[in-house]
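1. Give the three-dimensional model of this entry:
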Amino acid sequence: MVVRIVRLGKPRAADEGLRIGTVRRPPRGVPKTDFASHDWYDVWYPNLAPSVATMKMAQHASTPAEWQAFARHYRTEMTTPDNSRSLDVLAALSHHANFSVGCYCADESHCHRSILRALLTEKGAQVDPAGS
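-> Down below sits the predicted model:
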């Protein structure tokens, strides 16, 4: 069993399981009824997305220092009790079911999902080492 970290909208792996969208906003111009069939996500879980202000930090980060500032802010957001418990649940589920979490960004290394990958690993999740 494993959790995959994926780019939303990319074709699913054969045994990927449930796809969870950890994004602030749903995909634009796509009817809600088409989210799953177009490989966006099955369940929207914005709780694990950066806040709007923190998301803007990531979008404008053009230096390593700016990216590190974003990463610190996002990690801090993920320490709230609700977010920390969500990460605990996903980490535990990764030992019993295949599923994925993801975002729209093309480059995982410049996306909150790279940090989400690390956070889940730190919580003991079985994370697929392959990048998205």
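2. All the helices of this protein, in order from the start?
-> Taking DSSP state H as the test, the helices found in the chain are 52-60, 64-77, 81-93, 112-122.
3. Most tightly packed of the ones you listed?
-> helix 112-122 (a mean of 20; mean count of other CB atoms under 10 Å). (C-beta placed from N, C-alpha, C; glycine too.)
4. Could you pull up the mean pLDDT of it?
-> When pLDDT is averaged along helix 112-122, the result is 96.
5. ok, now stretch 23-35?
-> Per-residue scores along stretch 23-35 average to 91.
6. residues making contact with that stretch?
-> 8-9, 21, 38, 40-42, 44, 46, 49-52, 55, 102-104 (CB atoms under 8 Å, 6 or more residues apart in numbering).
7. in it, what's buried?
-> Buried positions in stretch 23-35, judged by neighbour count with 16 or more other CB atoms under 10 Å: 23, 27, 35.
8. Could you work out the end-to-end span of that stretch for me?
-> 13 Å (CA to CA, to the nearest Å).
9. Distance from that stretch to the middle of the chain?
-> 16 Å (CA atoms, centre = their mean, to the nearest Å).
10. and what of stretch 111-119?
-> The answer for stretch 111-119 is 7 Å, by CA atoms, centre = their mean.
11. quick one: contacts of that stretch?
-> So stretch 111-119 is in contact with 5-6, 22, 48-50, 55, 58, 71, 74-75, 78, 87, 101-103, 105, 108, 127, 132, going by CB under 8 Å, 6+ apart.
12. Type out the PyMOL command that picks the buried ones from these.
-> Remark: buried members of the contacts of stretch 111-119, expressed as a PyMOL selection using 16+ other CB under 10 Å:
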select buried, resi 5+6+22+48+49+50+55+58+71+74+78+87+101+102+103+105+108+127+132
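13. quick one on the thing from earlier: do you know which of the helices of the chain lies nearest residue 14?
-> Smallest distance to residue 14 across these (CB to CB): 19.3 Å, for helix 81-93.
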